[in-house]
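Q: just the structure for this:
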Amino acid sequence: MLLSPDNALRMVGTGPRTLVLVHGFGDDMSAFSGLLTTGVADQFRLLLVDLPGFGSRPARDGVLSIAKHGRFLAELIIRACPGSSVGLVGHSVGSMIAVEAIRHLGRGAAGLFSIEGNLTRHDLYFTGKAASHSDPAALKSAFLKELDQLAQGDPTLARYRQAVDGADPRSLWELALDTIRTSEALAPGEPLRALGVSCLYYWNPENTNPETAIWIRERGLANRTIAGASHWPMIDDASRVAAELTAFFNEVYGTPGGRRRPKTRSDDF
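A: Below you'll find the model as predicted:
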């Protein structure tokens with residue numbers, strides 16, 4: 001079901017609770033397309049969102065930073081799901097945006113499932129390269145050339161490359177620069193840890209900077225690992241991610257069958 005005429009908001013599933021899926025830097029809602037045919041769509045309604053300047057949603061001059069994207073997302077959720085307490089699923093930089101949205105939603109947010117979300121300044125990979133380019137057009141051109149090489153024979157990266165190709169250059173540029181500024185001022189994982197909701201971090205240690213892995217361990221961040229997946233496990237292994245999402249949010253909502261997972265314990269690391 002489409003909720004906006006520009007196809008930038010889509011609701012899928014029939015469950016009584018809603019999970020909001022927040023894509024990462026340069027991406028769009030297709031990052032979560034693999035989940036739509038899994039069991040999670042039978043237990044939850046999935047709200048897929050294109051952020052301003054990405055996917056089908058036009059750019060907005062007033063929505064370029066992490067903080068402004070978070071406020072925009074919170075306002076969108078309130079309109080689409082009035083009176084509901086939603087779960088948020090954030091991927092990569094989208095996890096930082098989801099954290100900001102939760103701060104605005106208050107009791108309107110039930111929990112956060114972060115898929116390889118940025119936790120430290122060491123997680124600045126694609127976004128971290130923005131500062132070496134002189135303007136938005138230069139960044140996008142160089143980024144696409146890099147992805148052309150990386151995506152050869154890799155359908156997961158080929159999909160991402162297509163999403164980046166459709167992104168607004170200024171939105172891409174400004175979000176990258178703000179992610180750098182925000183991450184260097186304060187580790188993005190600290191605001192996540194300060195949230196008053198249950199959070200679970202889902203990651204592949206093979207993809208993760210060693211400094212971030214140490215950060216996870218030292219702070220006892222509740223986490224689950226997935227081996228052998230790319231930075232987009234919801235595409236590589238959608239069924240497994242769906243099972244983890246379902247178990248986590250069943251517990252958050254107190255649904256029978258949800259396994260217990262204390263929000264301060266590290267399950268796998």
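
Q: restricting to C-alpha, output the helix ranked longest in the chain in CSV.
A: Secondary structure of the chain per DSSP state H: the longest helix is helix 169-185. Taking Å, rounded to 0.1, in the frame of the first residue of the first chain, the C-alpha atoms of helix 169-185 are listed here in CSV:
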residue,chain,number,x,y,z
PRO,A,169,23.8,15.5,-5.1
ARG,A,170,23.4,18.2,-2.5
SER,A,171,21.4,15.9,-0.2
LEU,A,172,24.2,13.3,-0.5
TRP,A,173,26.9,15.9,0.1
GLU,A,174,25.3,17.6,3.0
LEU,A,175,24.3,14.4,4.8
ALA,A,176,27.9,13.1,4.4
LEU,A,177,29.5,16.2,5.8
ASP,A,178,27.1,16.3,8.7
THR,A,179,27.7,12.7,9.5
ILE,A,180,31.4,13.4,9.6
ARG,A,181,30.9,16.5,11.9
THR,A,182,28.5,14.7,14.2
SER,A,183,30.7,11.6,14.5
GLU,A,184,33.8,13.5,15.3
ALA,A,185,32.1,15.6,17.9
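
Q: from the contact counts, what lies against that helix?
A: helix 66-80, helix 93-105, helix 136-150 (3 or more Cβ pairs under 8 Å, 6 or more residues apart in numbering; DSSP states H and E). Using the backbone N, CA and C atoms, a C-beta is placed for each residue, glycine as well.

Q: ok, and which of those has the densest surroundings?
A: Of the helices and strands packed on helix 169-185, the one with the most neighbours on average (mean count of other Cβ atoms under 10 Å) is helix 93-105, at a mean of 27.

Q: what does that one contact?
A: 20, 22-25, 27, 51, 66-67, 69-71, 73-75, 77-78, 86, 88-90, 109, 112, 114-118, 127, 175, 179, 182, 188, 191-192, 195, 197 (Cβ atoms under 8 Å, 6 or more residues apart in numbering).

Q: ok, now with 7 Å
A: Outside helix 93-105, the residues that touch it by Cβ atoms under 7 Å, 6 or more residues apart in numbering are 22-25, 66-67, 69-71, 73-74, 77, 88, 90, 109, 112, 114, 117-118, 127, 179, 188, 191-192, 195, 197.

Q: only the C-alpha atoms, please, for that helix, written as PDB.
A: The C-alpha coordinates for helix 93-105 follow below in PDB (Å, rounded to 0.1, in the frame of the first residue of the first chain):
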ATOM      1  CA  VAL A  93      23.700   6.200   8.900                       C
ATOM      2  CA  GLY A  94      19.900   5.500   9.000                       C
ATOM      3  CA  SER A  95      20.500   4.200  12.500                       C
ATOM      4  CA  MET A  96      21.800   7.700  13.500                       C
ATOM      5  CA  ILE A  97      18.700   9.300  12.000                       C
ATOM      6  CA  ALA A  98      16.400   6.700  13.800                       C
ATOM      7  CA  VAL A  99      18.100   7.700  17.100                       C
ATOM      8  CA  GLU A 100      17.200  11.300  16.500                       C
ATOM      9  CA  ALA A 101      13.600  10.400  15.500                       C
ATOM     10  CA  ILE A 102      13.200   8.400  18.700                       C
ATOM     11  CA  ARG A 103      14.300  11.400  20.800                       C
ATOM     12  CA  HIS A 104      11.400  13.400  19.200                       C
ATOM     13  CA  LEU A 105       8.900  10.500  19.400                       C
END
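
Q: list the neighbouring strands of the following helix or strand past that helix plus their orientation.
A: Counting by DSSP states H and E, the next helix or strand C-terminal to helix 93-105 is strand 109-115. Strand 109-115 sits in its sheet next to strand 86-91 (parallel), strand 198-203 (parallel), going by DSSP bridges.
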